[in-house]
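*Asks:* Here is a sequence together with a model predicted from it:
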Amino acid sequence: MVADQVKILVVDDEETVRVLSQRILQTAGYDVITAANGKEALSVIADGDIAVVLLDIKMPGLSGMDVLGRINTDWPDLCVIMVTAVTDVQTAVAAMKLGAYDYITKPFDQGKMLARIRQAIIRWREYLQDKQQQAQLKQNITEQTKRMQEQFTELVNSMAREHKLLQQLASKQRHGSKSLLSGLPAELQKPIASVEEFREALLRILKKE
């Protein structure tokens, strides 16, 4: 079930709303904690495993929008559902643009409330899975790129050593005989003093391919 292992924080300055919301959600199988204001809500979130925040927009002190801003900065993986009066839906829509997933209106319709929360949890889990997969893919690409760079550096160093040896042998050739370097690209036929010079010459050759 969607309710399994989902802890919801209900944040509202009205005690009757907190109690009603808690009863509805607990009956549906959710683990529910309540907070009476924004400061208390941030303290609860900081303590641990909250998955969903049911956040009232209008509260004294820290408003719901203030709390939403802190959540987006410090706990971006939390699913936030704003709670607002029917007359203040515009603010809820603005909150969604700032990172809230959805909103519900007071007074609550129990069935609609549970349906919206259930759907939000499902979609939010999908979002977090996609986010995790993208992060893993990015990490894999970074690690693969690093390995390729290390392999290329090792290859260049090895080729530079062999080229230096070839240069030494060519310098000892009998005058007038065909140079051992003659079969190499022009960039590698001239003396090369360092690995860095060899690498730059090799990159020039690869760019011409």
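*Replies:* Thanks, I have it. Residues are numbered from 1 along each chain as shown.

*Asks:* What are the contacting residues of the lengthiest strand in the chain?
*Replies:* Longest strand of the chain, by residue count under DSSP state E: strand 79-85. Strand 79-85 has contacts (CB atoms under 8 Å, 6 or more residues apart in numbering) with 12, 17, 51-58, 64, 68, 71, 91-92, 95-96, 99-106, 116-117, 120-121, 124. Placement of C-beta: from N, CA and C, glycine included.

*Asks:* Inside strands: which ones of the residues you listed?
*Replies:* 52-56, 102-106.

*Asks:* out of those, which are buried?
*Replies:* Taking 16 or more other CB atoms under 10 Å as the criterion, what is buried in those is 52-56, 102-106.

*Asks:* okay, now the domains of this protein?
*Replies:* According to automatic domain parsing, the chain comprises the domains 7-108, 141-208.

*Asks:* what's the longest helix in this structure?
*Replies:* Scanning the chain for the longest helix, with DSSP state H as the assignment, gives helix 110-171.

*Asks:* Show me what whichever helix or strand comes after it is packed up against.
*Replies:* Moving toward the C-terminus from helix 110-171, the next helix or strand (DSSP states H and E) is helix 186-189. Using 3 or more CB pairs under 8 Å, 6 or more residues apart in numbering; DSSP states H and E, the elements in contact with helix 186-189 are helix 195-208.

*Asks:* remind me which residues of the chain are low pLDDT?
*Replies:* Low-confidence segments of the chain (pLDDT under 70): 1-4, 86, 172-181, 209.

*Asks:* how about a cut-off of 50?
*Replies:* 1 (pLDDT under 50).

*Asks:* didn't A41 look like it was pressed against V67?
*Replies:* Yes - A41 lies in contact with V67 (CB atoms under 8 Å); the separation is 5.6 Å.

*Asks:* overlap in contacts of the two?
*Replies:* Joint contacts of A41 and V67 (CB under 8 Å, 6+ apart) are 11, 53, 55.

*Asks:* Which of the residues you listed sits closest to G29?
*Replies:* The shortest approach to G29 among these belongs to V53, at 18.0 Å (CB to CB).

*Asks:* now the closest one: how far from E197?
*Replies:* 60 Å (CB to CB, to the nearest Å).

*Asks:* Repeat that for I117.
*Replies:* 65 Å.

*Asks:* Those two - which one has more neighbours?
*Replies:* Higher neighbour count among I117 and E197: I117, with 25 against 14, using other CB atoms under 10 Å.

*Asks:* Residues in a beta bridge with the residue nearest to that one when sequence neighbours are not counted, which ones?
*Replies:* In space, I117 comes closest to I81 once its chain neighbours are excluded; the distance is 6.5 Å by CB to CB, 6 or more residues apart in numbering. For I81, the beta-bridge partners are L54, D102 (DSSP bridges).

*Asks:* and I81, how many neighbours?
*Replies:* 23.

*Asks:* Who are the packing partners of the longest helix of the chain?
*Replies:* Going by 3+ CB pairs under 8 Å, 6+ apart, helix 110-171 lies up against helix 15-27, strand 52-56, strand 79-85, strand 102-106, helix 195-208.
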